[in-house]
Structure formats: structure tokens, C-alpha cells
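Participant: coords below, sequence missing:
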């Protein structure tokens, strides 16, 4: 595009201005110029080209020439203005900068205009004023912006911002406020609404006095939130979980390891540890209360190897498949138990029929006996036969998925070795026990964890009940955020009775990356583990004694194992380190409480590994070996790392909450009012975002985000007399510049 005079062509802005006449406000020609007559006077010198300029066939007679500058205030172009005609830019045809009046200072406000009338009026105030040269700004009644105009305004804002001018304000009419929101939301410039608080509209034209406009801008800037131009770089919110150990091959019997590895691989690389913990919990539950371990050489203190296991993982991390893989062999035992039950039921019916026949004969004999002693003896014999004939078969149970404490008690009375409670979602069980903490349900579970004592209960409706051996195992999955909410209440509340700490096999592993797999299953490993389950299930006291257990007696209700001499020394060293150093020097009470339960965990694991070795070898091994104790110690080290990660979610929960809130703020749409006006803690609370459903959690997160330069906290004075000030949080626009 070329500007052509009737004289030779002029392209460079300095040459163009040199060819113009400079008019001062006191000059008569100044006020008579059509642009000044239509838009008012800037009370500043102007440039007039007295030639006729032809630009692409459009003639401009005596146009006003506005110098155009870049962010470094270097003259780069000229704008050609004639009333009712399109503004032309020389050279290039499009504006690469802006016009301005006043002295631009980086630490003072700069007013950005897109209307010529406003530009000229603001030039009369004390403010430095910038004009965005839009193509149609010389046309009458052209007050509504188009998207192309907004893009031009935004380019000027970015240019000024990049040059260091951080206090940028754009007066705007109501009809243009919405389209300018994107610029405001970048928080490089703030909008000044020309609607006043009293509902009137403030024009900025030649008809208002400079004093009125000055006062309006002064008040408008003062009423805006503290200008967020000088934002610091937001700091990264590190929410890395504490590192955890992984299960290694030397921590499990070979067949068990191979089975877990195969199940994990075939489930598209499911996390190995999830399967291993579920399987180990199932083995502990299967052994249950049939045998114990006495961890000290002389003391009679005994431990039953029932375990409580929990796997923590985000949604879609294959928690349910892991639980299924870990309990699959119990399912097979259940089918066999049902078959056995049907056989015994038929036998019971047959005994009943046989008894009826025998009873008639014995009753006739009873009638003929006159000697009281003999009569009583035969009557007792008949009663015993009747009791045996009417004795119902018992369906052997291994686990339940959902049961009330009363129903569990009935199951336990028929299954003295104990019952495994499997819950796909542990939070349901934990919540139900919390809701009924005044009932015996919670106490029922707490006491069932020990696995080695009786339990007496009395109910008005159900009468009295007695469980000779109260032994419960628990297994389930839970999502991290749900556990975090539960833990917060546990740690910060008054109801910490150690329920969660009893979940000793509680892990929160790093989830493996999904990998497609389509391979045949390892049938040998699967059958080996099922045979292991079957053999453990068939163990009775006689067989346990053959494997090296000490028999039960009047002081010991079940057979038991002790450690070998070497294993005993290893246990003593481990126990001394745990109780004499680790626990006393632990900073957090909740972790102390968790580690204190390792006194049951480690011997239980050692006994489980010993029994696995014994039944697989099929011979007497004797006491629990050093190798089994060392495996158990490795598990304790492994589980301690997971406990620190799990409790660390809450002990350092403010950072996790801040990260959760930060991600919500980053996902706000460009048009969201929060990005301009900020928000209050109450407004954030009403969103009911996941993990941020309590006002205390919101406040903790806000404090962190303020410290990390994500937010600026403003204290707003109350509008009512004596009212407390409120807080509002403005969002650092720089958080939207970072992809993370």
C-alpha cells in the first residue's frame, strides 16, 4: 500500500511528518480542522498534511497525521485521519503500534483508548493516554467493537506490558465490556466500566470537562482491586508422594511370587504389589486362628496370623481385579465346601431316618427296664443318638462381602478359625463403623483383629451369644482422596482408636503403566498356589504338630510355633530397633501408633511363610527359620515406607489441597468472572470440589496458594459499621501462561 502525494511519494514516518504542518491549539486552523470539530481538542499540537493524498484510489484532503510509536516509543508509522473515512496506516497498511499523549511512565497508570473522542479528552487530563488506531474510528456513531478491533487492542496491551508498563486501564462502554473480557482476564490491563456506581453513564467526549473525566478515572482506579500488574512468578506446588519400596522376589515364596507375577502381567501390567498384598491377606485369613506363634523364647504371649490388608490406588487402577486374583483360590475352596456340605446334608438325612428306626426299639427296651440307673443310662444313650442324628451339617465359610456384626458372629461360631471380610470399597466399611461407633460394631472389629480371644455379646432382641474364638481378617480397596478425607477426621478428631492402624498390609504403590498383554496363564503357578491353599485349609492340630508345632494344652488353646535360635536373635534385634529407636524418635504420633502394630505383623508374616514352606515340603521343619524372619522383616520395611506415604498425605495435606485447588483455578474458562474479580473462600467452598468439601480445607489451600504466589489476598473492609473485614483472592494471571 503506497501513500501518494501530488508531490513525490513519501513512505517513512519522519518524512511524512516533515511534509506536514504542525498546528498548535491556539492556531485558528487547529479548531477548524474537521477531525477536531467532530472529536474535540486534545489541547496538544497536531500534524496536518495540506496535500491531497491518494491511497489505493481513496483521496484524503488535508488529513490529520498521527505519529505511531512502538513499545520503546520509537516512531514507526503514521496514521492518516479524515472524518468519515477509513483510517490508513503508512507504511504497511496496518498498525504495529499506538499513538499517545502525555509522558508514559512505567510505574504510573496509562489509559488506553480505542475512540478518538476519548483519546482527545483524556489528553487534557494528567494521565498518559494511548490510542489504539482502529480502521473505523473516524466514522460517526461507530462505538461497537468487532473481534478484529479487540485483537488490535490486545496487541497494543501486550506491547505496552512487554515494554514494562504494568498499570494499564481501558475505559469501556457497556456494549464492549463482554468482548473485552479476554483482555481483562489476562490481567495485563483492567477495564474501567463507564457506568458509574450510581447507575449513570460517564461519557468521555468533548462535551465533558477535563476535571470531570480526571475525577472519574481517579475514582475508578481507586475502586478497582489492587492492580495486579506486578505479579511474581508462581512457584511450583510439589505434591509428590513420599517414595515407597517395591516387593522384590526374595520377599515371597517362589510359587506365590510366580502366581502374582503372572496375574499382574496378564491384566495388562497390573501393579504386582496389589495382587501380592491381596493374596498374602487371603493366606493369613485361611490359616486364621488354627495356629499361633510365640515370638519370645520363654514368654507365653502368642499371636494369631490373621491380617488386615488394604490396597490404595486411583480409580481404574485395577483394584478389583487385584482383589479377585488374591482371593480366587478361596472361591475354589468355597465350591468344594458347598459340595461337601451337600454330601453331609444327605448323610444327616440318612442318620435321621436310621435314628427313627432305632429309637422305636430302644424306647421299647427303655419301658421294660426297672432299674433306675440302667434306665437313665439307656435314656442318655438315646439322647446322644438323637443329638447326633439331628446335628445339622455346617457349611464351611471362608469369607463374606457384606455382613452385620451379628451375622458375622453367627458365621464365626460355625467357623472357629475366623472369617475374611472382603470389601471392594473399604471406605464403605470404615464409614459404617464411624456412624455406629457407639454401637458394638466398631468394638467387634477392633477385638476381632487380635484373633485369639473369645467374644460375648448380649442383645434384647437376639439374646446372648458367645464366640469361642473371635478372629476377623479384612481386605479391600480404597481411593487415595477418600482415604485422605477419612484420615483427616481420624488424625484431627478425637476418635482415633487405632482402627485404621490395624490395616498393617496397607499399601499405596506407584501404579505401573498399562501395557497390552494377551498370553496364556501360568497354570503351574496357579495350581501350585491352589494346592497350597488346600493344604493350609486341611491343616489340623495333628498335622501341625507333625510340622513342628507345640501341641495345645490347658494353658494354650491352639498349637503354636517358636523361632529357631538364629531367628530368635534376628527377631530380638528387629524388635529392639523398632521399639527402642524407630518409634520413640518418630515425629508423628499417628505413625508411631501404626508402627506399634508391627509387633503383631512381623511374627504373623514369619509364621505364614514358615507354614507355606512346611506344607510345600511336606516334612517337619521345626521352628520358624531365620529365612522366614528375614522375609518378614523386609515386609515390615516395605510396609513402613507405604505407611509414611499414606499418612504423609494428611500430615502434609495442605500442599495436596492447594494443588487440588490450583488445578481447579487453572481450568477456569477464559470467561469466568473469578479470573478478573477473584473469589472468596466461601465461594470456593460452595463449589464442593473433590477433596475441598470443608471450609477448613479451603482455607488451608488458600494460605498455601498465597504463599506460592498463585493468589493475592485482599482484605475488604465491611460496608456495615463494626463489621469484620472479608478476604478476597485474586488469581495470578501468570498461572495460565504455564502448561503445568
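Facilitator: It's in. All values derive from a computational prediction rather than experimental measurement.

Participant: what distance separates stretch 646-665 from the centre of its chain?
Facilitator: A distance of 7 Å separates the centroid of the chain from that of stretch 646-665, by CA atoms, centre = their mean, to the nearest Å.

Participant: my bad, stretch 159-173
Facilitator: Here stretch 159-173 is found 38 Å from its chain centre; the criterion is CA atoms, centre = their mean.

Participant: distance between the ends of it?
Facilitator: Start and end residues of stretch 159-173 are separated by 23 Å (CA to CA, to the nearest Å).

Participant: buried ones in that stretch, by neighbour count?
Facilitator: Residues 159-161, 165-173 are the ones in stretch 159-173 that count as buried (16 or more other CB atoms under 10 Å). For glycine as for every other residue, the C-beta is placed from the backbone atoms N, C-alpha and C.

Participant: distance of the most centrally placed residue in the chain relative to residue 273?
Facilitator: Centroid-nearest residue in the chain, with CA atoms, centre = their mean: residue 481, separated by 4.8 Å. Plainly put, residue 481 is 20 Å away from residue 273 if you go by CB to CB, to the nearest Å.

Participant: straight-line length of stretch 516-529, end to end?
Facilitator: For stretch 516-529, the end-to-end distance is 25 Å (CA to CA).

Participant: for that stretch, which positions count as buried?
Facilitator: Of the residues in stretch 516-529, 522, 525-526, 528-529 count as buried by neighbour count, 16+ other CB under 10 Å.

Participant: go on, stretch 647-657?
Facilitator: For stretch 647-657, using 16+ other CB under 10 Å, the buried residues are 647-651, 653-657.

Participant: cool, stretch 565-572 as well?
Facilitator: For stretch 565-572, a neighbour-count test (16+ other CB under 10 Å) marks 567-568, 570-571 as buried.

Participant: closest to residue 122 among the buried residues of stretch 516-529?
Facilitator: residue 522 (80.8 Å; CB to CB).

Participant: I figured that closest one hits residue 255, correct?
Facilitator: No - in this structure, residue 522 is not within contact of residue 255 by CB atoms under 8 Å, at 10.0 Å.

Participant: now residue 468: how far from residue 349?
Facilitator: In terms of CB to CB, residue 468 sits 28 Å off from residue 349.

Participant: the closest residue in space to residue 252 that isn't next to it in sequence and residue 529, how far apart?
Facilitator: Ranked by CB to CB, 6 or more residues apart in numbering and with sequence neighbours excluded, the top spatial neighbour of residue 252 is residue 276, at 6.5 Å. To residue 529, residue 276 is 12 Å away according to CB to CB.

Participant: quick check: neighbours shared by these two?
Facilitator: Listed contacts common to residue 276 and residue 529 are residue 256; contacts here mean CB atoms under 8 Å, 6 or more residues apart in numbering.

Participant: what residue of this structure is the furthest out?
Facilitator: Distance from the C-alpha centroid of the chain, by CA atoms, centre = their mean, peaks at residue 370 (82.7 Å).

Participant: what's the burial count for residue 576?
Facilitator: 10 (other CB atoms under 10 Å).

Participant: who are the contact partners of the residue nearest to residue 508 when sequence neighbours are not counted?
Facilitator: Spatial nearest neighbour of residue 508, chain neighbours left out: residue 312 (4.0 Å); criterion: CB to CB, 6+ apart. When contacts are counted by CB under 8 Å, 6+ apart, residue 312 touches 477-480, 483, 506-508, 646.

Participant: who wins on neighbours among those residues?
Facilitator: Result: residue 646 is most packed of those (other CB under 10 Å), 27 neighbours.

Participant: returning to that earlier point: let me know the closest of the buried residues of stretch 516-529 to residue 295.
Facilitator: residue 529 (27.0 Å).

Participant: the closest one should be in a helix, yeah?
Facilitator: Yes - secondary structure of residue 529 (DSSP: H, G, I helix; E, B strand; the rest coil): part of a helix.

Participant: so it is in contact with residue 255, correct?
Facilitator: Yes - in this structure, residue 529 is within contact of residue 255 by CB under 8 Å, at 5.7 Å.

Participant: quick check, pLDDT for residue 54.
Facilitator: Residue 54 is assigned 88 on the pLDDT scale.

Participant: closest to residue 588 among the buried residues of stretch 159-173?
Facilitator: Out of the buried residues of stretch 159-173, the member with the shortest distance to residue 588 (by CB to CB) is residue 166, at 44.3 Å.

Participant: mean confidence score for stretch 151-160?
Facilitator: Rounded mean pLDDT across stretch 151-160 is 91.

Participant: list the buried residues for that stretch?
Facilitator: Within stretch 151-160, the residues scored as buried using 16+ other CB under 10 Å are 152-157, 159-160.

Participant: got it, and stretch 292-300?
Facilitator: 292-295.

Participant: ok, now stretch 427-434?
Facilitator: 427, 429-430, 433-434.

Participant: what's the span of stretch 422-429 from first residue to last?
Facilitator: 10 Å.
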